[in-house]
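*Asks:* Give the three-dimensional model of this entry:
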Amino acid sequence: MTGGHTSPIEETARVPDTDASPSPADMIAEVIGLIPHAQSLGMETIHATRGMAIMKLPYDERLVGNPENGVVHGGAVTTLIDTVAGIAAITTPKVPLRVATLDLRIDYLRPATPRLPLFAMAEVYKSTRQIAFLRATAYQDGPQDLVASATGTFMFVGPRPPGSKH
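*Replies:* Residues are numbered from 1 along each chain as shown. Below is the predicted model of the structure:
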């Protein structure tokens with residue numbers, strides 16, 4: 001991400017699903033449109049496949065927690081991880097279901113480097129009829145450059161009612 005180089009993650013093409021249900025990319029587009037804070041923060045989906053998602057949070061001085069060094073506030077990192085994990089959970093079933101975060105445990109490993117975007121990846125490693133279990137990471141120059149590591153559980157709360165905005 002330094003020197004204007006594009007991350008290999010950013011260059012990854014979306015992986016299409018082969019069944020007739022909505023593609024993860026279609027699910028993501030609809031879901032992100034319903035999350036005002038994700039739009040306000042400039043979050044974007046970089047890659048999505050069933051049960052896995054990668055998102056980007058561009059650096060923004062409005063998100064800085066310490067003005068002396070320009071480090072992004074931990075709350076912004078938490079929001080990115082919670083959002084990408086929710087997206088991964090939503091794309092797990094064949095028919096997208098709304099989810100609620102039951103538990104999210106985050107280990108902050110280092111401060112994010114100022115002026116660089118943050119990426120987060122989440123993957124469902126176990127899913128039942130009611131619960132999705134996930135692992136997630138936040139990083140900058142690549143998945144080996146961790147800012148934070150997380151585990152979480154999300155509960156499926158049902159389909160979004162037709163015509164509803166929430």
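
*Asks:* what about the most centrally placed residue in the chain, distance to residue 69?
*Replies:* Central residue of the chain (Cα atoms, centre = their mean): residue 84, 1.6 Å from the mean position. To residue 69, residue 84 is 25 Å away according to Cβ to Cβ, to the nearest Å. C-betas here are computed from N, CA, C, even on glycine.

*Asks:* How about residue 86?
*Replies:* As for residue 86, its distance to residue 69 is 30 Å (criterion: Cβ to Cβ).

*Asks:* out of those two, which sits in the more crowded spot?
*Replies:* Each of residue 86 and residue 69 has its neighbours counted (other Cβ atoms under 10 Å); residue 86 has more, 24 against 9.

*Asks:* which SS class is that one?
*Replies:* Here residue 86 is helix, with the state taken from DSSP: H, G, I helix; E, B strand; the rest coil.

*Asks:* Could you do residue 83 as well?
*Replies:* Going by three-state DSSP: residue 83 is helix.

*Asks:* so which helix or strand takes in the nearest residue to it once chain neighbours are set aside?
*Replies:* Nearest residue to residue 83, sequence neighbours excluded (Cβ to Cβ, 6 or more residues apart in numbering): residue 38, at 5.4 Å. Assigned by DSSP states H and E, residue 38 belongs to helix 36-40.

*Asks:* Now do that helix: which elements does it pack against?
*Replies:* Applying 3 or more Cβ pairs under 8 Å, 6 or more residues apart in numbering; DSSP states H and E, one finds that helix 36-40 makes contact with helix 24-33.

*Asks:* what's the model's confidence in the helix it packs on, averaged?
*Replies:* Average pLDDT, helix 24-33: 61.

*Asks:* Show me which positions of the helix holding residue 38 end up buried.
*Replies:* For helix 36-40, a neighbour-count test (16 or more other Cβ atoms under 10 Å) marks residue 38 as buried.

*Asks:* Put the alpha carbons of the following helix or strand past that helix into PDB.
*Replies:* Per DSSP H and E, helix 36-40 leads on to strand 44-49 as the next helix or strand towards the C-terminus. As requested, the backbone C-alpha atoms of strand 44-49 are provided in PDB (Å, rounded to 0.1, in the frame of the first residue of the first chain):
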ATOM      1  CA  GLU A  44     -16.100  -0.700   0.300                       C
ATOM      2  CA  THR A  45     -16.300  -4.400  -0.400                       C
ATOM      3  CA  ILE A  46     -13.100  -5.600  -2.100                       C
ATOM      4  CA  HIS A  47     -14.000  -9.300  -2.400                       C
ATOM      5  CA  ALA A  48     -16.900 -11.500  -1.500                       C
ATOM      6  CA  THR A  49     -17.800 -15.100  -1.700                       C
END
